[in-house]
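Q: just coords:
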């Protein structure tokens, strides 16, 4: 196989997992990094799981035009995975937009110029489920959009919404909508791979360290990292996924479910894990002191629902139950000595 995939933000968590599976599948991978200092650690982690003979790197900045057209020459596919996802939220709701939205358009322009066959963009259900006056339970699907102007959408949500909308608008204007696929996971969990900070793993770490006196009444669609990666790779070659937003995940879990699953998998940590659900007013108070809790506040007490079976049909495989990836995440945190 002599098919090259340009993979943006290869030092990120989802991107590293994806690079490993692409290499195992015989693809060549050209990974972008914003700083060449990230290359050695990224290469070391990937090499623990796959041969890196077909892996190369290029230093590119999502905020600058230079180098993108040159890097994409000879690439058959693009996976645009790079996007900021901080644990802490900013009061500036637009703070992440330049990297997320402008960076996406920069990648798409270069991809179109290079005539690539398929562009896979990593989006999120964050673009779909957050808006005012929702029913409870709240059901969302592929055709729904979060309300970027609602105060309940923080900097991360605004950046994801604007980036994905801009991507669809750009490709539709070019008459190339079917060349784009957006992968929309919920909360992604799985093996941490290495000690580099990643947001969903940080929540697992905080739970295991006993930092939460109770579990917020917050629920999220759980996406197994293995499913997220397989969705990216299958989307390269399945024509029927072109122009679609694919929701990845089979089960919605509350935070107390996460705690119970981790306690069963790691009984020696059960004393530190929360046993009860915190009142919503208390989580709101905590969120003023701990902005990692602020991310959850607009959805407290709301049970989300979605049906991703259409994505399973389009991708050709069934999504995993939530338990396995939550256990994988917790066990990897312990294995890597992060707690």
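A: Happy to help now that I have it. The structure presented is a predicted model; accordingly, all values stated were derived computationally and were not measured. Numbering: from 1, shown residues only.

Q: What segments of the stretch 51-200 of the chain are helices?
A: With DSSP state H, counting those that start in this stretch, the ranges of helices along the stretch 51-200 of the chain come out as 68-72, 97, 103-114, 155-173, 199-208.

Q: Of all those, which one comes closest to residue 17?
A: Closest approach to residue 17 among the helices of the stretch 51-200 of the chain (CB to CB): helix 199-208, 12.1 Å. All C-beta atoms are positioned from the backbone trio N, CA, C, and that covers glycine.

Q: Show me what that closest one is in contact with.
A: 13, 85-87, 187-189, 192, 212, 258-259, 262, 266, 269, 272-274, 292, 326, 329-330, 332-334, 338-339 (CB atoms under 8 Å, 6 or more residues apart in numbering).

Q: can you tell me which of the helices of the stretch 51-200 of the chain the model trusts least?
A: When these are compared by mean pLDDT, helix 97 comes last with a mean of 83.

Q: same for that helix, what does it pack against?
A: Helix 97 is packed against helix 155-173, with contacts defined by 3 or more CB pairs under 8 Å, 6 or more residues apart in numbering; DSSP states H and E.

Q: Would you mind giving the orientation angle of the helix it packs on with respect to helix 199-208?
A: Orientation note: helix 155-173 sits at an angle of 160 degrees relative to helix 199-208 (axes from the mean of the first three to the mean of the last three CA atoms, to 10 degrees).

Q: by contact count, what packs against helix 155-173?
A: helix 97, helix 103-114, strand 118-122, strand 180-185.

Q: and the angle for the last one with helix 155-173?
A: When the same axes, to 10 degrees is applied, the directions of strand 180-185 and helix 155-173 differ by 160 degrees.

Q: now the second one
A: Angle of helix 103-114 versus helix 155-173, following the same axes, to 10 degrees, is 30 degrees.

Q: Give me the buried positions along helix 103-114.
A: By 16 or more other CB atoms under 10 Å, the buried positions in helix 103-114 come out as 103-104, 106-112, 114.

Q: circling back to that earlier point, which of the contacts of helix 199-208 fall in helices?
A: When DSSP state H defines the helices, the subset of the contacts of helix 199-208 inside them is 13, 258-259, 262, 292, 326, 329-330, 332-334.

Q: Can you tell me the element the closest residue to residue 134 other than its chain neighbours falls in?
A: Nearest residue to residue 134 in three dimensions, chain neighbours excluded: residue 302, at 6.4 Å (CB to CB, 6 or more residues apart in numbering). Assigned by DSSP states H and E, residue 302 belongs to no helix or strand.

Q: Dihedrals phi and psi, residue 302?
A: phi -100, psi 130 (degrees, to the nearest 10).
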